[in-house]
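Chemist: got a sequence here, can you model it:
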Amino acid sequence: MSKKKSKSQQTRTLVGRTDLAAELITVARISTSPEALITEISRLLDVPDYDTKGGLKQCHQDFDKISSKLEIVFAQTRESQSDTVSADRLAAGIIAIYGRMSQDNLMRKRIVAETNFLQKAISLLRSPVAQSIVMAALSGVTHLADTEIMRSIARFTSTILDCVEDHLDDIQYAEKALCVLSHCTVVDTDPELARLIPLPRVLQFFLSVVRLPTSTSLSFDHFLVFCSRTTGYHSAIFHSLPDSVDFLVACTRAKDICARNDALRSLIALFPGNGITQFTAALPHVDAALRQYGANSNLDREFLEVHARFELVDDFVQDPHRSLSDFGNKLVDLIMAQELGVRRHFQDPGDDELDDGGIRRLQEDLGCSQFVDVLRLCAEAVRSGSGPQAEINGDILQLEFPSGE
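Modeler: Numbers count the residues shown, from 1 in each chain. The predicted model follows:
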């Protein structure tokens, strides 16, 4: 009777490469960025380009074959006795590939159900070389996941906090963890699950992140949405942490009307029947809260993004040979570089920045009464172009795929 093949032999059989394991470890060791790591692993394992329609279709058709390769390589990294640092990074790359593939709804359900994805990801969060890559993958999954997947991740809340609370110096890791927890720890009707979520500890962690001078609007937005969905059910926990109430009061002075709206909604839930003047006057540290959480210290990134958007508009208006298609593709790049989402930055009627002269001129020249209509014209022009991304970029411009929330 023939002996059962080892996992290394299975890998060689699957891909026809005798040096695959060594090559993968080398890639993990020398890759300069998570993106480069993902690209090289995908190339070596013949994973289709899931960012294209054709590649995504092939991923659906060959999912069993693709996941089999990824599973075997992941298992090998867990058995590595020598270069454990590179092995952990390679394992994180596998999780990141699963995370990218999970942007598709059907694929996400299969990955979570069939590959033990969540347990694999959580097991890597204590590895310094893997934690940021894995948390980014989890954040991407939770931005789009259904309730059942969110509930599954929520069961690991304490473990996630154990892994991230001592690493607030890594702001990207901390902010991605905040995103994951803000999506998954919103009030649940299951009493058993609610008992597994240490909400006071979650709230304290969120406050620690938004206090950091390096925190960005990503943290603020997710924390505010979390507050607006949770304060009505757990007001006692918020009242037990006065800093959380101070944060909400400070956000009622934010430049962004959406932030003001979420903050006010949360405060009304915490102080039912009271007016805004009553509960702000009752807090003795509002000025300190404004300095600690205010826009001047933490929203520089958002101001830069706003400036970049209007700089694009002004360049377009002044260009005698302007192309709606080129302009639209530049807007797509800007949109996809932001976590905040299309609707927040391009359609919000309460944003005073929309009165900018460059946008008014653009609207007059194109016969549009609202900037959102300019996006529609850009989308039509982009779709008329060639290339696999033309249709997708058009969808992004028409707000069908708002990035972020």
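Chemist: pLDDT value on Ala21, please?
Modeler: As predicted, Ala21 sits at a pLDDT of 79.
Chemist: likewise the one 5 residues further on?
Modeler: According to the model's per-residue confidence, Thr26 sits at a pLDDT of 87.
Chemist: for Ser219, give me its contacts.
Modeler: With contact taken as C-beta atoms under 8 Å, 6 or more residues apart in numbering, Ser219 is in contact with Glu175, Leu178, Phe206, Val209, Val210. Every C-beta, even on glycine, is put in place using the N, C-alpha and C of the backbone.
Chemist: likewise for Phe206?
Modeler: Phe206 neighbours (C-beta under 8 Å, 6+ apart): Leu178, Leu181, Ser182, Ser219, Phe223, Phe226.
Chemist: now it, what's its secondary structure?
Modeler: helix (DSSP: H, G, I helix; E, B strand; the rest coil).
Chemist: from Pro128, how far out is it?
Modeler: 23 Å (C-beta to C-beta, to the nearest Å).
Chemist: for Leu161, phi and psi?
Modeler: Here is the backbone geometry of Leu161 (degrees, to the nearest 10): phi -60, psi -40.
Chemist: pretty sure it contacts Pro198?
Modeler: Yes: contact criterion C-beta atoms under 8 Å: Leu161 and Pro198 qualify, at 7.3 Å.
Chemist: just the contacts of Ser219 now: which is nearest Ser386?
Modeler: The nearest member of the contacts of Ser219 to Ser386, counting by C-beta to C-beta, is Glu175 at 37.1 Å.
Chemist: burial count for the closest one?
Modeler: 23 (other C-beta atoms under 10 Å).
Chemist: also the one 3 residues further on?
Modeler: Using other C-beta under 10 Å, the number of residues around Leu178 comes to 26.
Chemist: leaving out sequence neighbours, find the closest residue to it.
Modeler: Excluding its sequence neighbours, the residue lying closest to Leu178 (C-beta to C-beta, 6 or more residues apart in numbering) is Val209, at 5.1 Å.
Chemist: any buried residues in the one helix or strand that neighbour maps to, and which?
Modeler: Per DSSP states H and E: Val209 is located in helix 199-211. Buried residues in helix 199-211, counting neighbours by 16 or more other C-beta atoms under 10 Å, are found at Leu199, Val202, Leu203, Phe205, Phe206, Leu207, Ser208, Val209, Val210, Arg211.
Chemist: in a markdown table, list those along with distance to Gly387 and pLDDT.
Modeler: Listed next are the buried residues of helix 199-211 as a markdown table, based on distance: C-beta to C-beta, whole Å; pLDDT from 0 to 100:
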| residue | distance to Gly387 | pLDDT |
| --- | --- | --- |
| Leu199 | 47 | 92 |
| Val202 | 43 | 95 |
| Leu203 | 46 | 95 |
| Phe205 | 43 | 96 |
| Phe206 | 41 | 95 |
| Leu207 | 45 | 92 |
| Ser208 | 44 | 92 |
| Val209 | 39 | 92 |
| Val210 | 40 | 89 |
| Arg211 | 44 | 87 |
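Chemist: so where's the protein uncertain?
Modeler: 1-18, 81, 187-190, 272-314, 316-320, 334-373, 399-405 (pLDDT under 70).
Chemist: got the domain boundaries for it?
Modeler: 1-140, 146-298, 300-397 (automatic domain parsing).
Chemist: and the helices in the stretch 51-200 of the chain?
Modeler: Along the stretch 51-200 of the chain, counting by DSSP state H, counting those that start in this stretch, helices occupy 53-61, 63-79, 84-101, 105-114, 117-123, 131-144, 147-154, 157-164, 171-184, 191-196, 199-211.
Chemist: Ala269: which of those helices is closest?
Modeler: helix 199-211 (14.4 Å).
Chemist: can I get the closest one as CSV, trimmed to CA atoms?
Modeler: Output in CSV follows, covering the C-alpha atoms of helix 199-211 (Å, rounded to 0.1, in the frame of the first residue of the first chain):
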residue,chain,number,x,y,z
LEU,A,199,-18.4,46.6,25.8
PRO,A,200,-16.7,48.9,28.4
ARG,A,201,-13.3,47.6,27.3
VAL,A,202,-14.2,48.1,23.6
LEU,A,203,-15.3,51.7,24.4
GLN,A,204,-12.1,52.4,26.3
PHE,A,205,-10.0,51.0,23.4
PHE,A,206,-11.9,53.3,20.9
LEU,A,207,-11.2,56.3,23.1
SER,A,208,-7.5,55.4,23.4
VAL,A,209,-7.2,55.3,19.6
VAL,A,210,-9.0,58.5,18.8
ARG,A,211,-6.9,60.3,21.5
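Chemist: and that helix with helix 171-184, angle?
Modeler: In terms of direction (axes from the mean of the first three to the mean of the last three C-alpha atoms, to 10 degrees), helix 199-211 departs from helix 171-184 by 140 degrees.
Chemist: angle of helix 199-211 against helix 157-164?
Modeler: With the same axes, to 10 degrees defining the directions, helix 199-211 sits at 30 degrees from helix 157-164.
Chemist: just how off-centre is helix 199-211 within its chain?
Modeler: 18 Å (C-alpha atoms, centre = their mean, to the nearest Å).
Chemist: what do you get for stretch 107-123?
Modeler: 18 Å.
Chemist: likewise stretch 36-55?
Modeler: 20 Å.
Chemist: how about that stretch: buried residues?
Modeler: Here stretch 36-55 shows Leu37, Ile38, Thr39, Glu40, Ile41, Ser42, Leu44, Leu45, Val47, Pro48, Tyr50, Gly55 as buried, counting by 16+ other C-beta under 10 Å.
Chemist: out of those residues, which sit inside helices?
Modeler: In this view, these that belong to helices under DSSP state H are Leu37, Ile38, Thr39, Glu40, Ile41, Ser42, Leu44, Gly55.
Chemist: tally of neighbours for Ala177?
Modeler: Neighbour tally, Ala177, other C-beta under 10 Å: 28.
Chemist: against Cys378, how distant is it?
Modeler: 35 Å.
Chemist: picking that back up, for the residue nearest to Leu178, give its distance to Glu35.
Modeler: Where Glu35 is concerned, Val209 sits at a distance of 24 Å (C-beta to C-beta).
Chemist: likewise Phe206?
Modeler: In terms of C-beta to C-beta, Phe206 sits 28 Å off from Glu35.
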